[in-house]
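> Please work out how this folds:
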Amino acid sequence: MSALVAISITTAILSGIWGWVAVSFGLLAWAGFLGCTSFFAAPQEGVKGLLISLITNLSGVFWAMVILTLSDYISLEIIGYVLTGVVTLFMCLQAKQTWLAYIPGTFIGSCATFASNGDWQLVIPSLMLGGLFGFCMKWSGLWLKERCEPKASEPTAPELSRLEESQLDTGKTR
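Below is the predicted model of the structure:
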């Protein structure tokens, strides 16, 4: 079984479980899927990729709240757009820091916050659990792939077939 098929299977199962968990606990299922997607697209693998994804998602929530909070004090619409541009500049510049270098993760957190009308108390656990589910999807998929691979000492089906054919050709059978 290929890694793609194995990860697809575990992702399908855990996506259904995530949907149930999100509804059961009043979380935003769609924001969880953004957290999951953020992990899968992260530039690093494993736990480091998960941490980078989560940290940048959280920074995006922070920056969105900066924009939303300061926008409450701005009466001139054009200034709000300038504010958005300035904050976006900082969202990108923070990438100088290793743990904040995953710019798409920052924008995912920010967009999730805007989409929830600034409900950061709901966005944060949804993104975080979604990222954790993404990690579990990939980890369990790789585990499944490994479990389905034949052992080095066991011949594969094509090898068995060739072995049996060669034994028939020489008149040897088991």
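> and the helix or strand harbouring residue 145, which residues are buried?
Under the criterion of DSSP states H and E, residue 145 resides in helix 120-148. Residues of helix 120-148 classed as buried by neighbour count (16 or more other Cβ atoms under 10 Å): 120, 122-138, 140-141, 144-145. (C-beta placed from N, C-alpha, C; glycine too.)
> Might one say that residue 28 is in contact with residue 121?
No: with contact defined as Cβ atoms under 8 Å, residue 28 does not count as touching residue 121 (10.9 Å).
> gap between the helix holding residue 145 and the chain center?
7 Å (Cα atoms, centre = their mean, to the nearest Å).
> just stretch 139-154 next, same as before
So, by Cα atoms, centre = their mean, the centroid of stretch 139-154 is 22 Å from its chain's centroid.
> try stretch 64-75
So, by Cα atoms, centre = their mean, the centroid of stretch 64-75 is 29 Å from its chain's centroid.
> what do you get for stretch 59-79?
27 Å.
> Equivalent analysis for stretch 79-93, please.
26 Å.
> which SS class is residue 150?
Under DSSP: H, G, I helix; E, B strand; the rest coil, residue 150 falls in the coil class.
> Backbone dihedrals for it, please?
phi -70, psi 150 (degrees, to the nearest 10).
> ok, it - how many residues close by?
Neighbour count for residue 150, taken as other Cβ atoms under 10 Å: 10.
> next one: residue 82
11.
> quick one: what helix or strand has it in it?
helix 77-93.
> and what of residue 15?
Assigned by DSSP H and E, residue 15 falls in helix 3-24.
> likewise residue 51?
helix 46-71.
> buried ones in that helix?
Under 16+ other Cβ under 10 Å, the buried positions of helix 46-71 are 49-67.
> Just want the angle from that helix to helix 120-148.
Interaxial angle of helix 46-71 relative to helix 120-148 (axes from the mean of the first three to the mean of the last three Cα atoms, to 10 degrees): 160 degrees.
> What helices and strands are in contact with helix 46-71?
helix 29-41, helix 77-93, helix 103-115, helix 120-148 (3 or more Cβ pairs under 8 Å, 6 or more residues apart in numbering; DSSP states H and E).
> isn't residue 23 right next to residue 29, touching?
Yes: the criterion here is Cβ under 8 Å, and residue 23 meets it with residue 29 at 6.8 Å.
> So between those two, which is more surrounded?
Using other Cβ under 10 Å as the criterion, residue 23 and residue 29 rank with residue 29 on top: 16 against 10.
> Need the per-residue pLDDT for the more buried one.
pLDDT for residue 29: 98.
> Any stretches of this structure with poor pLDDT?
Counting by pLDDT under 70, the chain shows low-confidence ranges at 152-174.
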